[in-house]
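K.L.:
Fold the following, please.
(2 chains)
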Amino acid sequence: IAGITQAPTSQILAAGRRMTLRCTQDMRHNAMYWYRQDLGLGLRLIHYSNTAGTTGKGEVPDGYSVSRANTDDFPLTLASAVPSQTSVYFCASRAPGQSYGYTFGSGTRLTVV
Amino acid sequence: RKEVEQDPGPFNVPEGATVAFNCTYSNSASQSFFWYRQDCRKEPKLLMSVYSSGNEDGRFTAQLNRASQYISLLIRDSKLSDSATYLCVVNSHAGNMLTFGGGTRLMVKP
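P.N.:
Numbers count the residues shown, from 1 in each chain, chains lettered A, B, ... in the order given. Below is the predicted model of the structure:
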């Protein structure tokens, strides 16, 4: 693994089903984030974690939950998927310090039908 | 008002042209600034950080104007491969969180 790995790459999911999007990084970054990106709406923050054991809500948290049991993993769970959650989901991490930007995973393209 | 605003474009320019994008931010306490590039159906990737004194990386020049709260990106001698969406990013919150602009789409034509 080099950087951030997201899985699956894409998924078609029936409405009402539960789904966990996986995100793993090997850079030992403390801060991690989940974004969704929709046409015309840009990147919107769902949840974040500043360090293992802590999480926080972003701009659009409803319908999503996260956990941060360790530094490397930051899974995003949709408890009961709805069509409005059809989107591209990006996981990101950031090294400590103001001068660093985010490193993004390659994304998960989710379609809820 | 959005925290970070960009003209969505598209900017259609011929190869070899010089093109500039601006981005405005609302939080005067913002401390760090970046430009990201995003290709279609790909993740955003860091293009360059923006320093107070301005900085250059090859054909790309970034500048920061704190008084007017805007950031600019200048691309000289545009290439077809520069076609992408350019995202302005600002650290406008305490801690590690970054705020993204909606992006400016650039299309470089032969």
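
K.L.:
Can you name the residues bridging to the most centrally placed residue in chain A?
P.N.:
The centre of chain A sits closest to A:W34, judged by CA atoms, centre = their mean, with a distance of 2.9 Å. Beta-bridge partners for A:W34, by DSSP bridges, are A:H47, A:C91.

K.L.:
ok, and does stretch A:62-69 reach over to chain B?
P.N.:
No - judged by CB under 8 Å from any CB of the partner chain, stretch A:62-69 makes no contact with chain B; its nearest approach is 13.5 Å. In short, each C-beta sits where N, CA and C put it, glycine included.

K.L.:
Over to B:L80: give its phi and psi.
P.N.:
As for B:L80, its main-chain torsions (degrees, to the nearest 10) stand at phi -60, psi -40.

K.L.:
residues making contact with stretch A:91-108?
P.N.:
A:3-11, A:21, A:23, A:25, A:27, A:29-35, A:37, A:74, A:76, A:88-90, B:31-32, B:34, B:36, B:42-46, B:49, B:89, B:91, B:96, B:98 (CB atoms under 8 Å, 6 or more residues apart in numbering or on different chains).

K.L.:
In PyMOL, how would I select just the buried ones from those residues?
P.N.:
Restricted to buried positions by 16 or more other CB atoms under 10 Å in any protein chain shown, the PyMOL selection for the contacts of stretch A:91-108 reads:
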select buried, (chain A and resi 4+6+11+21+23+25+29+30+31+32+33+34+35+37+74+76+88+89+90) or (chain B and resi 32+34+36+43+44+46+49+89+91+96+98)
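
K.L.:
Show me the contacts of stretch A:91-108 that map onto strands.
P.N.:
Those of the contacts of stretch A:91-108 mapping onto strands are A:4-7, A:10-11, A:21, A:23, A:25, A:31-35, A:37, A:76, A:88-90, B:32, B:34, B:36, B:45-46, B:49, B:89, B:91, per DSSP state E.

K.L.:
one step back: what's near enough to touch the residue nearest to the centre of chain A?
P.N.:
Neighbours of A:W34 in contact, by CB under 8 Å, 6+ apart: A:21, A:23, A:45-48, A:58, A:64, A:66, A:74, A:76, A:89-92.

K.L.:
cool, and B:N27?
P.N.:
B:E3, B:V90, B:S92.

K.L.:
Please name the nearest non-neighbouring residue to residue 23.
P.N.:
In the absence of a named chain, chain A is used. Residue nearest to A:C23 in three dimensions, not counting chain neighbours: A:C91, with 3.5 Å by CB to CB, 6 or more residues apart in numbering or on different chains.

K.L.:
think we crossed wires, I meant chain B
P.N.:
In space, and not counting its chain neighbours, B:C23 is closest to B:C88: 3.3 Å by CB to CB, 6+ apart.

K.L.:
ditto for B:E43
P.N.:
Nearest non-adjacent residue to B:E43 (CB to CB, 6+ apart): A:F104, at 4.0 Å.
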